[in-house]
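>>> What would the 3D arrangement of this be:
(chains A and B)
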There are 2 protein chains.
Amino acid sequence: MTERAGDRPAQFAPRVSVEAVEEGPLLAPKFNAEGFIPVVTTDARSGEVLMMGVMTAEALLRTIETGEAHYWSRSRQCLWHKGATSGLAQKVIQIRVDDDQDAIWLRVEVEHGASCHVGYRSCFYRSVPIGHLGDTQVRLTFEEIEKVFDPRIVYGDAPNPTQL
Amino acid sequence: MTERAGDRPAQFAPRVSVEAVEEGPLLAPKFNAEGFIPVVTTDARSGEVLMMGVMTAEALLRTIETGEAHYWSRSRQCLWHKGATSGLAQKVIQIRVDDDQDAIWLRVEVEHGASCHVGYRSCFYRSVPIGHLGDTQVRLTFEEIEKVFDPRIVYGDAPNPTQL
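Residues are numbered from 1 along each chain as shown, chains lettered A, B, ... in the order given. Next up, the predicted model:
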């Protein structure tokens, strides 16, 4: 089932007023024109940001119901049960929604502590130095030195999702 | 200055290969068709997710250079130095970029510990219960009970950014 505009599931309240969306007790998520809501996923213990992605209405409903993170894969154009290929499923400890209900925060536990397809714990394994910018390209610092797993073993011949 | 396609600043490396983007030491951010890159901002001490937003190339460069968070305001359609209206500036402790360099993570310190325009510490002050879904609307749980500040005092008559 792919989400279509107008297909609002019965579990989602209509967005009738700013006050109801911001201060009310009903889930009334906002999906963009493509049908996506952005998601940030953190390690429930360390607070580290593991990844950012998007959900469709269906992915959000399956995440709520199963307690395992589901996203929409923009590279593969399909519902994505995280871990179905890699085994690195995310057990959802808490789901949060923001003030205007156009973003989702998942707090998860991950087996082996790894989430990134490159093999690192977090997708955010590099930092950008803060301070004066010259006219030259900015050099990154690796904050994770060692990979947690070998992506060639975990993913085999699956295509790399990174797009230029 | 509004970013236009093709206006790639000299500080950003070209995205020449998946390997260079994922494993290389140069900042080569990817902006979407609208010129945005999504950003998640966490409290550097607690790990709590404070907000999600977007940056333009200019917002990212200003954040790097000043060490204060700059975003693109989609409601006001302008560069947004967070805190210029509210006084709730975000001091950036660390900037991270993800594997395919299409997302940014800011670790910040916020005066008064508050970031949300509704008055809460985090924009994500409500949670969604996990488990069986009926056919009825989902009820949220408030995870923050008390507001940190009174938005009427901090923002005065500024228009509410929430859009239905």
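
>>> Residue A:122 versus residue A:114, what's the distance?
Separation of residue A:114 from residue A:122 (Cβ to Cβ, to the nearest Å): 9 Å. In short, each C-beta sits where N, CA and C put it, glycine included.

>>> Can you pick out the residue with more neighbours from those two?
residue A:122 (26 against 21; other Cβ atoms under 10 Å in any protein chain shown).

>>> List the contacts of that one.
Taking Cβ atoms under 8 Å, 6 or more residues apart in numbering or on different chains, we find residue A:122 in contact with A:43, A:48-51, A:115-116, A:144.

>>> By pLDDT, give me the weakest of those residues.
pLDDT across the contacts of residue A:122 is at its lowest for residue A:115, which sits at 71.

>>> Now do the strand or helix carrying residue A:153, average pLDDT.
Here residue A:153 sits within helix A:151-155, counting by DSSP states H and E. Mean pLDDT, computed over helix A:151-155, is 77.

>>> same deal with stretch A:101-114?
For stretch A:101-114, the per-residue pLDDT averages 88.

>>> Export it to PDB, keeping only CA atoms.
Coordinates of each C-alpha in stretch A:101-114 appear next as PDB, following Å, rounded to 0.1, in the frame of the first residue of the first chain:
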ATOM      1  CA  GLN A 101       3.400  17.500  14.500                       C
ATOM      2  CA  ASP A 102       5.500  17.600  11.300                       C
ATOM      3  CA  ALA A 103       8.500  15.600  12.700                       C
ATOM      4  CA  ILE A 104       9.000  12.400  14.600                       C
ATOM      5  CA  TRP A 105      11.700  11.400  17.100                       C
ATOM      6  CA  LEU A 106      12.300   7.700  17.700                       C
ATOM      7  CA  ARG A 107      14.300   6.600  20.800                       C
ATOM      8  CA  VAL A 108      15.600   3.100  20.000                       C
ATOM      9  CA  GLU A 109      17.800   0.200  21.100                       C
ATOM     10  CA  VAL A 110      19.900  -1.400  18.300                       C
ATOM     11  CA  GLU A 111      21.500  -4.800  18.500                       C
ATOM     12  CA  HIS A 112      25.300  -4.600  18.200                       C
ATOM     13  CA  GLY A 113      24.900  -0.800  18.700                       C
ATOM     14  CA  ALA A 114      25.200  -0.200  15.000                       C
END
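
>>> Now for chain A: which helix has the highest residue count?
Assignment by DSSP state H gives helix A:57-66 as the longest helix of chain A.

>>> quick one: the helix or strand just after that one near chain B?
Next along the chain after helix A:57-66, taking DSSP H and E as the criterion, comes strand A:70-73. No. For strand A:70-73, no contact with chain B is found by Cβ under 8 Å from any Cβ of the partner chain; the gap never falls below 12.4 Å.

>>> And strand A:70-73, what's buried?
A:70-72 (16 or more other Cβ atoms under 10 Å in any protein chain shown).

>>> any idea which of the residues you listed is closest to chain B?
Nearest to chain B out of the buried residues of strand A:70-73 is residue A:70 (Cβ to the nearest Cβ; 12.4 Å).

>>> ranges for the strands of chain A?
Along chain A, counting by DSSP state E, strands occupy A:37-43, A:49-55, A:70-73, A:78-81, A:90-97, A:104-110, A:126-128, A:141-142.

>>> Direction included, what does the last one pair up with?
Taking DSSP bridges as the criterion, strand A:141-142 forms sheet pairs with strand A:126-128 (antiparallel).

>>> Let me see the mean pLDDT of the strand it pairs with.
95.

>>> contacts for it?
Strand A:126-128 is contacted from outside by A:138, A:140-143, B:25, B:27, B:64, B:94-97, using Cβ under 8 Å, 6+ apart.

>>> check whether the helix holding residue A:153 contacts chain B.
No. Against chain B, helix A:151-155 shows no contacts by Cβ under 8 Å from any Cβ, the least distance being 10.0 Å.

>>> Any regions of chain A where pLDDT drops low?
A:1-6, A:112-113 (pLDDT under 70).

>>> Can you point out the buried residues in stretch A:63-78?
A:63-64, A:68-72.

>>> one step back: show me what the helix holding residue A:153 packs onto, helices and strands only.
Contact here means 3 or more Cβ pairs under 8 Å, 6 or more residues apart in numbering or on different chains; DSSP states H and E; on that basis helix A:151-155 packs against no helix or strand.

>>> Work out the gap between it and the centre of the chain.
The chain centre lies 21 Å from the centre of helix A:151-155; the measure is Cα atoms, centre = their mean, to the nearest Å.
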